[in-house]
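> build me a model:
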Amino acid sequence: MTAVQPTLPPSHVSEPSVPGTSMTYLGGPPLRRYLIVYILAMAAITAVNGGIGGILLPLQVQDIEFAHWFTGTDAGANLQHLTDLKAAVEAGTTTATAHQQHQLDLLASYEAARASHLSIVTGVGAIAMMIVQPVVGLLSDRTRSRWGRRAPWIAAGAVLGAALMLAVRYSAGIGLLITFWALVQLMMNAAQGSLNTTVPDRIPENKLGTASALSGIGTLLGVLVGALSAGALFDVMGLDTYYPFAVALGVTGLLFVLVARDRSSTNLQVPEANWTDLLKSYLIPLRSSDFRWVWFAGLMVMLSYGASNAFNLYMLQSYIRPALSTADATRLIPLMTIAIIPGTVISMLVTGRWSDRIGRRKPFVIGASALFAVSMAVPLVWPTLPAMFVQNILGGLGAGCYLAVDRALLIEVLPDREAAGRDLGVGATGINLGQAIGPVLAGQLVVLTGGYGGVWVLSLIAALIGAAAILRVRNVR
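I've put the predicted structure just below:
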């Protein structure tokens, strides 16, 4: 059956010159509809990372580890009191009794275990993202369907990811948590990678910066709503808070496919698949020096981001002085997210349009990475709750600029626009690898040093390396 194609005013759309590919939005209602549902779908995906990754998963890991280490007569131990006692003992203002020392030893093992296991849960999930995005990108470039090349992957990824999210909710052990969260990330990033590829498919080059900025707003909106929802709903619903996140992911993925209807790709001409050559083709974009440096910069900046954000909840309980209770820390995480919004949104809107107007990307990405590095120094030298808020605000300004312009920079250095799905997927591996390595390295630093100070040092250095890498990009200003 031939798909019925939506009729659009000629002045608002440019029909594809290659059969089976997407139309280009030039402006007007079609572009606005696309951007609205794109932002909603992107927000739902990042809400999962902000709400589940930032709050629910750490709480779930924490509960599992507490039940493992604090048993019998120690099951009623108060972590906040133990953390304060640890600080007093280290400061030399008190001496622990034999029983208190026993519980302090349990606390040290518990803190190392929860940081290590959370880093593995998030790291394995990020590795799953790294694997799936280029594969799905390549396959979506070759997909024939009456809904277009990307839509089947967006819809299937969103719906299956939502279903698997409920399996995460009922995971009673770390092994199950790792397995199901990795599967959620596989499905969710199949959807996200294909969703991101619709930007170079449908948006003209002179609007890439604006589209990238709006995409960043969707990302930020998702993180904010996710954190606020998880923080507010957990007190009422407990781990059942996974349910609204699953519904939002599935619904917005289907909404994008239905509202931003693509051209049919049933008549797409693709060469006969030689899978050995196709797998080798992943290396093609990395042969480009500019693409390689942008890829590496993204890896380092996201390593910095992943390391510094992996343990926010735990840092409020164990790093800052005075330490907070689990309940207080859970309530404050959404407030820290809110604090970054004004500067981040302004940064996104201003820098995205500004970079389009002057035709330059590198200064914005370099400046954003440097500011991100500066933000890491604040809690390193001042381990307090106000310092965590300052770090989030400064980091938010840098992240806003970075999110607004980095994707436009990556698109501009693509070696082959005809293989945008593959090349953007390869580009995403750098970002996902950074997100995978960051928490794992940070977790090992916590285990080795017994504290969180090294996490800020790692994040600062990685962000500076990311800024320096962009200086090596030659053919884009």
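
> quick one: contacts for the residue nearest to Met42 when sequence neighbours are not counted?
Excluding the flanking residues, the one nearest Met42 by Cβ to Cβ, 6 or more residues apart in numbering is Gly218, at 3.7 Å. In this view, the C-beta of every residue, glycine as well, is placed from N, C-alpha and C. By Cβ atoms under 8 Å, 6 or more residues apart in numbering, the contact list for Gly218 reads 38-43, 46.

> which of the residues you listed lies closest to Gln103?
Nearest to Gln103 out of the contacts of Gly218 is Thr46 (Cβ to Cβ; 38.5 Å).

> help me confirm that that closest one comes into contact with Leu224.
No - counting by Cβ atoms under 8 Å, Thr46 sits too far from Leu224 to count as a contact (9.2 Å).

> hmm, back to that, which element, helix or strand, includes the residue nearest to Met42?
helix 208-237 (DSSP states H and E).

> how far away from the center of its chain is the next helix-or-strand element following that helix?
Moving toward the C-terminus from helix 208-237, the next helix or strand (DSSP H and E) is helix 242-259. Helix 242-259 sits 18 Å away from the centroid of its parent chain (Cα atoms, centre = their mean, to the nearest Å).

> list phi and psi for Glu15.
phi -70, psi 150 (degrees, to the nearest 10).

> the nearest residue to Lys86 once chain neighbours are set aside and Leu414: what is the separation?
Of all residues not flanking Lys86 in the chain, Leu104 sits nearest, at 5.8 Å (Cβ to Cβ, 6+ apart). Applying Cβ to Cβ, to the nearest Å, the value for Leu104 to Leu414 is 54 Å.

> what do you get for Ala373?
Taken as Cβ to Cβ, the span from Ala373 to Leu414 is 27 Å.

> now the terminal residues of stretch 315-335, how far apart.
From its first residue to its last, stretch 315-335 covers 15 Å (Cα to Cα, to the nearest Å).

> residues in contact with that stretch?
Against stretch 315-335 from outside (Cβ under 8 Å, 6+ apart): 54-55, 59, 62, 79-80, 83-84, 87, 111, 227-228, 230-232, 234-235, 312-313, 379, 383-385, 387-388, 451-453.

> for stretch 266-285, the averaged confidence score.
Across stretch 266-285, pLDDT averages out at 72.

> any idea how far apart the tips of it sit?
For stretch 266-285, by Cα to Cα, the gap between its terminal residues amounts to 27 Å.

> low-confidence ranges, the chain, go.
1-11, 133-134, 271, 273-275, 277-282, 418, 421 (pLDDT under 70).

> can I take it that Asp356 is in a strand?
No - counting by DSSP: H, G, I helix; E, B strand; the rest coil, Asp356 is not found in a strand; it is helix.

> for it, what are its contacts?
Neighbouring residues of Asp356 by Cβ under 8 Å, 6+ apart: 206-210, 408.

> let's see it at 7 Å
Asp356 makes contact with 206, 209-210, according to Cβ atoms under 7 Å, 6 or more residues apart in numbering.

> please enumerate the strands of the chain.
According to DSSP state E, the chain carries its strands in the segments 13-14, 24-25.

> tell me how far Leu239 lies from Met188.
Leu239 is 19 Å from Met188, by Cβ to Cβ.

> and the two? which has more neighbours close in?
Per other Cβ atoms under 10 Å, whichever of Leu239 and Met188 has more neighbours is Met188, with 28 against 15.

> so that one sits against Gly157, correct?
Yes - contact criterion Cβ atoms under 7 Å: Met188 and Gly157 qualify, at 6.2 Å.

> what's the burial count for Arg331?
Residues near Arg331, counting by other Cβ under 10 Å: 16.

> oops, could you answer that again for Gly28 instead?
By the criterion of other Cβ under 10 Å, Gly28 has 13 neighbours.

> which residue, other than its chain neighbours, is closest to it?
Using Cβ to Cβ, 6+ apart, the nearest residue to Gly28 is His12, at 3.7 Å.

> that neighbour and Ile203: what is the separation?
From His12 over to Ile203 the distance is 13 Å, taken as Cβ to Cβ.

> in stretch 76-84, which residues are buried?
79-80, 82-83 (16 or more other Cβ atoms under 10 Å).

> what is the neighbour count of the residue lying closest to Ala167 once chain neighbours are set aside?
In space, and not counting its chain neighbours, Ala167 is closest to Phe180: 4.3 Å by Cβ to Cβ, 6+ apart. Other residues within reach of Phe180, judged by other Cβ under 10 Å, total 20.

> Phe180 reaches Leu164, doesn't it?
Yes - with contact defined as Cβ under 7 Å, Phe180 counts as touching Leu164 (5.9 Å).

> ok, the nearest residue to Asp201 once chain neighbours are set aside - contacts?
Excluding the flanking residues, the one nearest Asp201 by Cβ to Cβ, 6+ apart is Ser22, at 4.1 Å. Contacts here follow Cβ under 7 Å, 6+ apart; on that basis Ser22 touches 16, 148, 201-202, 262-263.

> can you redo these as JSON lines with neighbour count?
What follows is the contacts of Ser22, written out as JSON lines (neighbours: other Cβ atoms under 10 Å):
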{"residue": "Pro16", "neighbour count": "16"}
{"residue": "Gly148", "neighbour count": "28"}
{"residue": "Asp201", "neighbour count": "23"}
{"residue": "Arg202", "neighbour count": "25"}
{"residue": "Asp262", "neighbour count": "25"}
{"residue": "Arg263", "neighbour count": "24"}
